[in-house]
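Participant: Return atomic coordinates for the entry below.
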Amino acid sequence: MERVKPLRADGQRNRERLVAAAAELVGRDGAQASLEEIARRAGVGSATLHRHFPSRQLLLEAVFRDGVAQLCERAAVQPGEEPATRLATWLEEVTVYTATHRGLAEALLTGPEALTAEEICCSDMLLEVLDALVARASSAGAIQAGATSEDLMTLANAIAVANEDDPDTARRVLRLALAGIRP
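Facilitator: Just a heads-up that it's a prediction; the model follows:
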């Protein structure tokens with residue numbers, strides 16, 4: 001098995017700046033955002049971008065996984081926040097992220113190094129977080145007994161797909177739908 005050499009501190013900073021710049025520009029311009037503009041926005045040269053991400057698809061994958069990891073980190077229950085509110089807030093964040101970055105997942109599915117939908121969605125990470133949120137809300141009697149994590153993820157994804165590039169509508173439709181899961 002090949003060992004991956006850890007990045008030096010400056011290399012790690014460059015990688016983080018590239019992913020942040022790419023996330024911003026992909027959010028604005030879609031998956032075909034200019035690689036040159038991404039490098040410029042990150043304050044690095046094109047060669048540095050290609051050293052870290054030899055293909056557009058690898059950069060897009062890093063952007064998507066970073067976004068999903070951030071969503072999962074934000075799922076921690078805040079002290080005093082009611083479980084149903086935390087669940088609804090997090091589902092809204094996932095829906096808006098997916099609606100805003102929908103072209104990103106499609107680009108990863110159809111690119112030359114095509115990933116499976118499960119690899120792109122990071123569904124295991126998302127479902128683990130959602131399972132915990134649903135369990136808390138369910139034990140507090142804040143959602144219908146039959147509501148499952150898979151149901152809620154399907155709902156959030158369907159709303160995001162139907163409202164691609166329209167996060168405000170996705171948010172509004174999700175709020176309407178979630179009103180129906182409360183007992």
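
Participant: Arg17: what's it in contact with?
Facilitator: With contact set as C-beta atoms under 8 Å, 6 or more residues apart in numbering, Arg17 has these partners: 42-44. Quick note: C-beta positions are derived from backbone N, CA and C, even for glycine.

Participant: Weed out the non-buried ones from the residues you listed.
Facilitator: Buried by 16 or more other C-beta atoms under 10 Å: 42, 44, out of the contacts of Arg17.

Participant: In helices only, show me the contacts of Arg17.
Facilitator: Residues of the contacts of Arg17 located in helices (DSSP state H): Ala42.

Participant: And the contacts of Arg17, which is closest to Ala33?
Facilitator: Taking C-beta to C-beta as the measure, Ala42 is the one of those closest to Ala33, at 12.1 Å.

Participant: quick one: which of the contacts of Arg17 is nearest to Pro54?
Facilitator: Val44 (14.9 Å).

Participant: contacting residues for that closest one?
Facilitator: 14, 17-18.

Participant: again, but for Ala39
Facilitator: Listed by C-beta under 8 Å, 6+ apart, the contact partners of Ala39 are 18, 21, 45-46, 48-49.

Participant: With Ala137 instead?
Facilitator: Going by C-beta under 8 Å, 6+ apart, the list of residues near Ala137 reads 83-84, 86-87, 143.

Participant: can you list those in JSON lines and add distance to His101?
Facilitator: Output for these, formatted as JSON lines (distance: C-beta to C-beta, whole Å):
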{"residue": "Pro83", "distance to His101": "27"}
{"residue": "Ala84", "distance to His101": "26"}
{"residue": "Arg86", "distance to His101": "23"}
{"residue": "Leu87", "distance to His101": "22"}
{"residue": "Ile143", "distance to His101": "27"}
